[in-house]
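> Here's my sequence, what's the structure:
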Amino acid sequence: MLADSLLSNAPVALFGLGGDLLLGERLSLLHPVLLMGKMAARLESGIRSRVSPDHLRPAGILLPVILCGSFGGGSWLILLLVSHLAGAAASTLVSVFWATQLLASRSLADHVLAVLAPLLAGERDAARRSLSRIVGRDTADLPDSGIARGALESLWENANDAVVAPLFFLLLGGVPLLMVYKAASTLDSMVGYRNERYLRIGWASARLDDILAFIPARLTFVFMFLFLLPFLPEGSPSCPLWGRESCLARAWRFRRAHPSPNSGYPIAAFAALRGIRLGGGAQYFGQWVEKPAIGEGPEPSPIDLVAGLFLFRMFVFSLLVLLCFLVLLWWRLRS
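So this is what the prediction gives:
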């Protein structure tokens, strides 16, 4: 049953990822994430206006239940209606359209390139401004190593959140389950903060996102070693797969050195593959927040960011090849 689901959804996943690579954020018409954000903001405002501060924690469960249920169930009903009125082919086209919108490999690479290009040109202020659009830390006074570190951490954390996890849920349950994941991820980015304002109302959203990303984050970790070893650029350290000092062992030691239970896995994998140190403290809203380091070696340089972006593109290309294999297998079994 599970294998049937993975194979039957593989064509939508393949064309969705291909469409994302070609078009990026150009398909913005009625973008589901924008609609999710607007609905989440209204839900939060409505809950706060009707619930006392003492009851915000149990009321916070309503946010993921309503938002995930609305988009997951709503997309299922729309696809069912389209299939009934226009046929299965039309329903598949709608699924591919939504998959293209909800995958973000091209957008992620473009945002990191917008940091890298001015950094290599010596335009540090422009690089810091671009970085501020993809990270939560203060960027105004970051040196080159801090700019590269922030961009690399965002790139590989989102390799899971924006690419692997969406593909995982798309293959597992089609577009409706993908919508559920994206709704949970959107809520986490809006209310999943551990501060006075969001701790009580956002705990359920943050916990749900952690649960949903648990398996995909570990798959990303494994895929990075399976896919990227042949593409390691010149200057990367020797990377034996086995032994106490292997890349895999080094990454495994630092996989939990991150506040998130999932984000440390892909960040630690890249740090080990490249032989650099990521993680560490950063400044948020004028206050220094101490964090453990992830990896061993020197701090990242702009050249490491070049290598990181190249390896990310090879990672996405490898996922595309894997999806082609699944589609061929699906086609052979149908024949």
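> For the rest of this, base every contact and every neighbour count on C-alpha atoms.
Fine.
> count of neighbours near Ile294?
If you count neighbours by other C-alpha atoms under 10 Å, Ile294 ends up with 27.
> Please read the previous query as pertaining to Phe71.
Using other C-alpha under 10 Å, Phe71 is surrounded by 23 other residues.
> Over to the one 10 residues further on?
Under the neighbour criterion other C-alpha under 10 Å, Leu81 is assigned a count of 13.
> Next one, pLDDT for the nearest residue to Val51 once chain neighbours are set aside please.
The spatially closest residue to Val51, leaving aside those adjacent along the chain, is Ala59, at 7.4 Å (C-alpha to C-alpha, 6 or more residues apart in numbering). At Ala59, the pLDDT value in this model is 93.
> and what of the one 10 residues further on?
Listed pLDDT for Gly69 reads 97.
> After the strand or helix carrying it, which helix or strand is next? Please name it.
If you go by DSSP states H and E, Gly69 is part of helix 62-86. As assigned by DSSP H and E, the chain's next helix or strand after helix 62-86 is helix 88-102.
> tell me the SS of Ala183?
At Ala183, secondary structure determined by DSSP: H, G, I helix; E, B strand; the rest coil is helix.
> List the contacts of it.
33, 36, 64, 67-68, 71 (C-alpha atoms under 8 Å, 6 or more residues apart in numbering).
> Would you mind putting these into CSV with distance to Leu273 alongside?
Putting the contacts of Ala183 into CSV (distance: C-alpha to C-alpha, whole Å) gives the following:
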residue, distance to Leu273
Val33, 33
Met36, 36
Pro64, 36
Leu67, 38
Cys68, 36
Phe71, 38
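> what's the farthest-apart pair in those?
Pairwise distances among the contacts of Ala183 were taken by C-alpha to C-alpha; the largest, 14.1 Å, belongs to Val33 and Pro64.
> okay, those two: which has more neighbours?
Using other C-alpha under 10 Å, the more surrounded residue of Val33 and Pro64 is Pro64, with 25 against 17.
> secondary structure element for the closest residue in space to the more buried one that isn't next to it in sequence?
Nearest-residue entry for Pro64: Ser205, 5.7 Å, with adjacent residues in sequence omitted and distances by C-alpha to C-alpha, 6+ apart. Assigned by DSSP H and E, Ser205 belongs to helix 203-228.
> For that helix, which residues meet the burial criterion?
By neighbour count on 16 or more other C-alpha atoms under 10 Å, the buried set for helix 203-228 is 203-206, 208-210, 212-213, 216-221, 223-225, 227-228.
> One more: stretch 269-284?
Result for stretch 269-284 [16+ other C-alpha under 10 Å]: buried residues 269-279, 282.
> Which member of these is positioned nearest Ala109?
Using C-alpha to C-alpha, these come closest to Ala109 at Phe270, 15.7 Å.
> What average pLDDT does the host helix or strand of the closest one get?
Under DSSP H and E, the secondary-structure element containing Phe270 is helix 264-274. Across helix 264-274, the average pLDDT comes to 95.
> What of stretch 35-42?
For stretch 35-42, mean pLDDT is 96.
> Not counting that stretch itself, show me its contacts.
The contact list for stretch 35-42, computed with C-alpha under 8 Å, 6+ apart, reads 63, 67, 71, 183, 186-187, 190.
> Distance to Ser301 for the residues you listed - can I get that in a markdown table?
A markdown table is the format used below for the contacts of stretch 35-42 (distance: C-alpha to C-alpha, whole Å):
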| residue | distance to Ser301 |
| --- | --- |
| Leu63 | 41 |
| Leu67 | 41 |
| Phe71 | 41 |
| Ala183 | 35 |
| Thr186 | 31 |
| Leu187 | 33 |
| Met190 | 31 |
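> Return the member of those nearest to Val175.
Phe71 (9.9 Å).
> Name the nearest residue to that closest one, ignoring sequence neighbours.
Spatial nearest neighbour of Phe71, excluding adjacent residues (C-alpha to C-alpha, 6+ apart): Met179 at 5.8 Å.
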